[in-house]
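Chemist: for reference, the sequence and a predicted model appear below.
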Amino acid sequence: MALYSREDDVAIIAVNNPPMNALSHHVRKDLIKFLKVAEADENVTAIVLCGDGRTFPVGADIKEFHKSVSALGPTIIDIVHALEKSSKPTVAAIHGSALGGGLELALGCHYRIAMSTSKVGLPEVKLGILPGAGGTQRLPRVIGLDNAMKWIAYGHHHPAGVGASLGLIDRIVAKGGDIRRSAILFARSMVGKGLGQRRLSNVSVPDASKVEELMAKHLKEVGLRTRGALAPVVCLQVIKSSALLSYKDGLESERQGMMTLLASSESKAQIYSFFSERQVSKWNAPGIANHATAKPMQVRSIAVVGLGTMGRGIAISSLKAGKKTYVVELNSKALAAGVKYIRGYIETMKKRAQISEEQAAAMQSAIIPVSSYNGIANVDLVIEAVFENMKIKKEIFGKLDKVCKPSTILASNTSTLDIDEIASATKRPEKVAGMHFFAPAHIMLLLENIYGRKSSAETIATIMDIGKQMKKITVLVGNCVGFVGNRMYGYYTTESVFILEEAAYPEQVDKVLTDYGFAMGRFQVGDLSGNDIGYKIRTGLGITHKQQPAGTPERKRGVLRYCPLGDFLVEKGRLGLKVGKGWYKYEGSRTPIPDPEVRKIIDEYRTRHHIVPRDISSEEVLQRMLYPLINEGFKILEEGIAANPWDIDMIYQYGYAWPRHTGGPMYYAFTIGLPQVLKVIEEHWKAAGASEPHWQPSTMLTWLVENHGNPDISQWMPLMQKHKSKT
Ligand SMILES: CC(C)(COP(=O)(O)OP(=O)(O)OC[C@H]1O[C@@H](n2cnc3c(N)ncnc32)[C@H](O)[C@@H]1OP(=O)(O)O)[C@@H](O)C(=O)NCCC(=O)NCCSC(=O)/C=C/CCCCCCCCCCCCC(=O)O
């Protein structure tokens, strides 16, 4: 709802719709009603619009999108017009954030004043839509086309001070000031000053003459950075109309753009992603604990064991979260090198103004270098980040168990290994869990937390809380080889080399993936992270080319189909970008260049096995790359390793750069339609049989299709649970 009050001659209309004052239908109704009251009251000379509680309105109510209620009048644009038309000065008093429809309301006001700490922006593009309440037409009239294109096509939130420097905010109220009081005084001082030029629909766009040049510039930048998403392009096209058309016609172009975007699968995927991102913090470990009931232990100190690339990144994340951080290496040279890197990184963050001088000093003094496990006996949490080897990890956990105080939680940053087996090396399995960071750990936003069979509620709650304190998208999953992310990714890489055998070169496969929206294709990613990583994993499994006894068929491992092309590359020293050659060659830069030598390796291999390469469509490449991964996602859901499809999707968006505008693998499957996905999987399974088990259809997927067709993604787990409870 909204509240109406009077301070002498000034009317105050305050939106009151916790937690974020979203402009839900009932709020919109109140706003129009109270604007009419204020307009009609002759004792009112000016009107202040503000938000109660945490913030000014942060936009339309996203829950209403794709429901008819979002279009129910009064719409936000009706309120914007009423604010602008008012014969009395209207002033937006901004604290917290004025975003989306919230900022559009403020743009309808004649004046805007804001707390110095507040943020402003039009982030609709991140929901796959555009600012559909006049924002595309009004913002360029205030801050110019160039800035408006940047603000709207990328959707960033900007400090109010930046808005003030561009003329969007008329006055800034210093930290600690009273925004409402300041707005009342400001509004009163504007009475009688004339509102003509303060009504933005009357104003022209200052840099309209540069429209074509700016359009070309921004289309190019957006194309490079938003990877095939539709909304940024439509935003730019609609903003362009502000320079070429009347306000009224520009508004019509905005309405049409909004309709196009609202009808797209992209906006549905982005809105799903917005809520999924928030949903993952409401974790559930069935039969053990959930976010609502379990209490985290207070963690003041963290020890990071192992200062390789991962350990260094984890230590920086711990320091950023304000923890006293013990960094552990038994070898003094390795310790010194790790500490030097971490200290240097903090200084770089300070130089780049990413942290203040005080924060940098606090982080520096919180680093405690240690060269023996005895030195971390009293820490609250240990995160082990040594080499990915079960024997070594078990040895370390055994030692940590002996020296650390009983309450210390012991976590492993393993990316694949069995947490229960690691826990078995200790006498405190209830205090053991996995914290799988993604490289570089101080930059990547994903943290995949793993609970073991014996992890306690407190242990799980604590690692989830630490993820939050590190500002990570923290997803809780169960224990299995590779957990969620890498278990699914394994089949993506398996199938990719089968495609090489049969039909395509690496660059052709990668192009299909980048056209789909990935920043990089699978082979470029392999080169970037190092092809030796997969080779080591295959060596651990005993399946590389070199490990086979003489006479083993090159393309078989037992009954399973195998392709050794990745082994050949590593054995020829093609480890990837770090050595300048892998699936591609690199000539002094990070740009991958298709390499005739790689083609030769593939061609010779095909000839040896009498494989005649065939034409392959982009559609087939995409299906073969993505559907095994999706199929595995369903198996993970049916085993209870992931609690919900959106947990998987967030892991893929934040850990594997899955394009957000398609929602993630599970949401993408829903968009395609589960019956169609299953049909393709079944065809491959029929053709490949037991030699390619990743094509064996998941029973959950099959059951859903047979019984419900393509149910909404929110219903997959409830339907399955209902079915299981009956059987
Ligand atoms: C930065 C934030 C504001 C705050 O972040 P933080 O402090 O971390 O808090 P959160 O955890 O994110 O949020 C707390 C809870 O609040 C919920 N929330 C937040 N924002 C909204 C919102 N806008 N709507 C609903 N709910 C919201 C959030 O989910 C949390 O809930 P819970 O605790 O998890 O349950 C951050 O929250 C943030 O970034 N918010 C979003 C800001 C944003 O994107 N704003 C833009 C919104 S879109 C908009 O404003 C569009 C305007 C134009 C409208 C024009 C409409 C015309 C329609 C006509 C067309 C009709 C066609 C009809 C056909 C059809 O509909 O299909």
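Modeler: Cool, got the structure. Small disclaimer: the values here were computed from a predicted structure and weren't measured.
Chemist: so this structure: which segments form each domain?
Modeler: Domain segmentation of the chain under automatic domain parsing yields 2-263, 285-475, 505-608, 618-726.
Chemist: residue 122 touches residue 99, doesn't it?
Modeler: Yes. Here residue 122 reaches residue 99: they are 7.3 Å apart, a contact under Cβ atoms under 8 Å. For every residue, glycine as well, the C-beta is placed using N, CA and C.
Chemist: on that earlier part again, tabulate the domains of the chain (CSV), appending mean pLDDT, mean neighbour count and distance to residue 481.
Modeler: Compiled in CSV, the domains of the chain are given as follows (pLDDT from 0 to 100; neighbours: other Cβ atoms under 10 Å; distance: least, Cβ to Cβ, whole Å):
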stretch, mean pLDDT, mean neighbour count, distance to residue 481
domain 2-263, 96, 20, 31
domain 285-475, 97, 19, 6
domain 505-608, 94, 17, 10
domain 618-726, 97, 19, 10
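Chemist: from residue 72, how far off is residue 413?
Modeler: Using Cβ to Cβ, to the nearest Å, we find residue 413 at a distance of 50 Å from residue 72.
Chemist: same check, this time on residue 656
Modeler: 39 Å.
Chemist: what of residue 161?
Modeler: 36 Å.
Chemist: what's the answer for residue 405, then?
Modeler: Remark: distance between residue 405 and residue 72 (Cβ to Cβ) = 59 Å.
Chemist: within range of the ligand, give me the residues from the stretch 201-350 of the chain.
Modeler: Taking Cβ under 6 Å from any ligand atom as the criterion, the neighbours of the ligand within the stretch 201-350 of the chain are 258, 262, 278.
Chemist: just the mean pLDDT for whichever helix or strand the last one is part of, thanks.
Modeler: Element membership of residue 278, judged by DSSP states H and E, is helix 265-279. Model confidence over helix 265-279 averages 96 on the pLDDT scale.
Chemist: what distance separates that helix from the centre of its chain?
Modeler: With Cα atoms, centre = their mean, to the nearest Å as the basis, the distance from the averaged C-alpha position of helix 265-279 to the chain average is 10 Å.
Chemist: swap in stretch 311-324?
Modeler: Worked out by Cα atoms, centre = their mean, stretch 311-324 lies 21 Å from the chain centre.
Chemist: can I get it in PDB, CA atoms only?
Modeler: Output in PDB follows, covering the C-alpha atoms of stretch 311-324 (Å, rounded to 0.1, in the frame of the first residue of the first chain):
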ATOM      1  CA  GLY A 311      44.200 -21.400  -2.000                       C
ATOM      2  CA  ARG A 312      45.300 -17.900  -2.800                       C
ATOM      3  CA  GLY A 313      41.900 -17.000  -4.200                       C
ATOM      4  CA  ILE A 314      40.100 -18.500  -1.200                       C
ATOM      5  CA  ALA A 315      42.400 -16.700   1.200                       C
ATOM      6  CA  ILE A 316      41.500 -13.400  -0.500                       C
ATOM      7  CA  SER A 317      37.800 -14.200  -0.300                       C
ATOM      8  CA  SER A 318      38.200 -14.900   3.400                       C
ATOM      9  CA  LEU A 319      40.100 -11.600   4.000                       C
ATOM     10  CA  LYS A 320      37.400  -9.700   2.000                       C
ATOM     11  CA  ALA A 321      34.800 -11.200   4.300                       C
ATOM     12  CA  GLY A 322      36.700  -9.700   7.300                       C
ATOM     13  CA  LYS A 323      38.100 -13.000   8.700                       C
ATOM     14  CA  LYS A 324      41.400 -13.400  10.400                       C
END
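Chemist: got the contact list for it?
Modeler: 299-302, 304-305, 307, 325, 327, 338, 341-342, 345-346, 355, 362-363, 366-368, 383, 385-386, 413, 437, 439-443, 466, 469-472 (Cβ atoms under 8 Å, 6 or more residues apart in numbering).
Chemist: so of those residues, which ones are in strands?
Modeler: Using DSSP state E, the members of the contacts of stretch 311-324 that fall within strands are 301-302, 304-305, 325, 327, 367-368, 383, 437.
Chemist: between these, which sits nearest the ligand?
Modeler: Sorting the ones in strands among the contacts of stretch 311-324 by distance to the ligand puts residue 437 at the head of the list, at 21.4 Å, by Cβ to the nearest ligand atom.
Chemist: please verify my assumption that residue 24 contacts residue 61.
Modeler: Yes. Here residue 24 lies in contact with residue 61, judged by Cβ under 8 Å, at a distance of 4.0 Å.
Chemist: what residues does stretch 665-682 touch?
Modeler: Stretch 665-682 is contacted from outside by 265, 268-269, 272-273, 488, 623, 626-631, 633, 637, 645-646, 648-649, 652, 658, 662-663, 695, 697, 701-702, 704-705, 709-713, using Cβ under 8 Å, 6+ apart.
Chemist: distance between it and the chain's centre?
Modeler: 22 Å.
Chemist: let's see that stretch as CSV, backbone CA atoms only.
Modeler: The C-alpha trace of stretch 665-682 is given here as CSV (Å, rounded to 0.1, in the frame of the first residue of the first chain):
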residue,chain,number,x,y,z
PRO,A,665,20.5,-26.1,-18.6
MET,A,666,17.3,-27.2,-16.7
TYR,A,667,15.3,-24.1,-17.6
TYR,A,668,16.5,-24.4,-21.2
ALA,A,669,15.2,-28.0,-21.3
PHE,A,670,11.8,-26.6,-20.1
THR,A,671,11.9,-23.9,-22.8
ILE,A,672,12.6,-26.5,-25.5
GLY,A,673,9.9,-28.8,-24.0
LEU,A,674,10.8,-31.9,-22.0
PRO,A,675,9.1,-34.2,-24.6
GLN,A,676,11.3,-32.9,-27.4
VAL,A,677,14.5,-33.2,-25.2
LEU,A,678,13.6,-36.7,-24.2
LYS,A,679,12.9,-37.7,-27.9
VAL,A,680,16.4,-36.6,-28.9
ILE,A,681,18.0,-38.4,-25.9
GLU,A,682,16.1,-41.6,-26.7
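Chemist: which SSE is immediately downstream of the helix or strand harbouring residue 687?
Modeler: When secondary structure is defined by DSSP H and E, residue 687 falls within helix 674-688. Sequence-wise, the next helix or strand downstream of helix 674-688 (DSSP H and E) is helix 699-708.
Chemist: that following helix: what's the following helix or strand?
Modeler: helix 716-726.
Chemist: spell out which residues of this protein are next to the ligand.
Modeler: On the criterion Cβ under 6 Å from any ligand atom, the ligand has as its neighbours in the chain the residues 19-20, 22, 58-63, 65-66, 70-71, 75-76, 97, 99-101, 123-124, 127, 131-133, 258, 262, 278.
Chemist: of those, which belong to strands?
Modeler: Cross-referencing the residues of the chain next to the ligand against strands under DSSP E gives 97, 99.
Chemist: the closest residue to the ligand within the stretch 151-300 of the chain: neighbour count?
Modeler: Here the residue of the stretch 151-300 of the chain nearest the ligand is residue 278; by Cβ to the nearest ligand atom that distance is 3.8 Å. The burial count assigned to residue 278 is 11, neighbours taken as other Cβ atoms under 10 Å.
Chemist: what of the one 3 residues further on?
Modeler: Taking other Cβ under 10 Å as the neighbour definition, residue 281 ends up with a count of 15.
Chemist: any idea how far the most centrally placed residue in the chain is from residue 397?
Modeler: Compute the mean C-alpha point of the chain, and by Cα atoms, centre = their mean the closest residue is residue 654, 4.4 Å away. When Cβ to Cβ is applied, the distance between residue 654 and residue 397 equals 28 Å.
Chemist: residue 266 is in contact with residue 229, isn't it?
Modeler: Yes. The pair residue 266 and residue 229 passes the contact test of Cβ under 8 Å, sitting 6.4 Å apart.
Chemist: shared neighbours, the two?
Modeler: Any residue near both residue 266 and residue 229 by Cβ under 8 Å, 6+ apart counts here, and that gives 128, 661.
Chemist: so where does residue 250 fall, helix or strand?
Modeler: Assigned by DSSP H and E, residue 250 falls within helix 247-262.
Chemist: report the angle between that helix and helix 265-279.
Modeler: Interaxial angle, helix 247-262 versus helix 265-279 (axes from the mean of the first three to the mean of the last three Cα atoms, to 10 degrees): 70 degrees.
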